[in-house]
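Q: Just the structure for this:
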Amino acid sequence: MTDDTRERKVTTVEAESEFKGTLTSKCPVLVHGTVDGQVNTPELTVTDTGLVVGHVTARELRSSGVLQGHLTAETMYISGTVRDNTVIRARSLEVNPSRLTDPLHVVFGDCVLEVGDEPAVGVREPLDRAAERPTAAKASIAAADARENAAERPVPA
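A: Reported below is the predicted structural model:
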């Protein structure tokens with residue numbers, strides 16, 4: 001059998017199926033169901049019914065489903081949902097509106113995006129909500145607190 005006549009092998013997690021643990025495959029992985037754990041594959045495709053939570057390492061990642069965790073790939077194509085507490089590391093990232101949601105946006109939760117030639121050495125974790133507050137907002141709150149405290153102090157005669 002020559003390479004031209006071989007069927008292309010694909011590791012598939014079917015809809016209504018759930019896989020927990022480490023999935024390592026030398027062929028592409030197709031997810032219609034749920035994967036919770038670590039995935040190492042040359043290509044990962046998450047369909048609109050698919051959910052992947054955990055650590056992903058792939059040469060190419062395509063998702064119209066739901067992603068959460070630490071995602072590392074040379075090239076990513078995202079048109080679904082990226083949940084909170086997600087770190088995306090890629091040399092190339094393409095984001096397209098989903099066919100299933102509002103055609104004008106893609107949903108990203110609280111996540112870190114590292115895109116470009118050389119991603120940072122240490123992966124940063126998403127920030128908690130209090131730390132996310134912009135510096136200008138922190139300064140504004142501090143100024144309001146100072147005004148309130150000044151109003152409460154008696155003025156010397």
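Q: C-alpha from now on. contacts and neighbour counts both.
A: Will do.
Q: where does this structure dip in pLDDT?
A: 1-6, 98-107, 118-157 (pLDDT under 70).
Q: contacting residues around L71?
A: 54-57, 86-89 (C-alpha atoms under 8 Å, 6 or more residues apart in numbering).
Q: And L113, how far from R89?
A: 6 Å (C-alpha to C-alpha, to the nearest Å).
Q: Compare neighbour counts for these two and give me the winner.
A: R89 (24 against 17; other C-alpha atoms under 10 Å).
Q: got the CA positions of the helix or strand containing that one in CSV?
A: Element membership for R89 (DSSP states H and E) is strand 86-95. Below are the C-alpha coordinates for strand 86-95, written out as CSV (Å, rounded to 0.1, in the frame of the first residue of the first chain):
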residue,chain,number,x,y,z
THR,A,86,-6.6,30.3,29.7
VAL,A,87,-3.1,30.9,28.4
ILE,A,88,-2.7,30.9,24.6
ARG,A,89,0.8,30.7,23.2
ALA,A,90,1.2,30.7,19.4
ARG,A,91,3.4,32.0,16.6
SER,A,92,0.3,32.7,14.6
LEU,A,93,-3.3,33.3,15.8
GLU,A,94,-6.3,33.7,13.6
VAL,A,95,-9.6,34.6,15.2
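Q: Pairing partners for that strand, with directions?
A: Sheet pairing of strand 86-95 (DSSP bridges) gives strand 66-78 (parallel), strand 111-115 (parallel).
Q: could I get these as a markdown table with distance to G21?
A: Output for these, formatted as a markdown table (distance: least, C-alpha to C-alpha, whole Å):
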| stretch | distance to G21 |
| --- | --- |
| strand 66-78 | 14 |
| strand 111-115 | 23 |
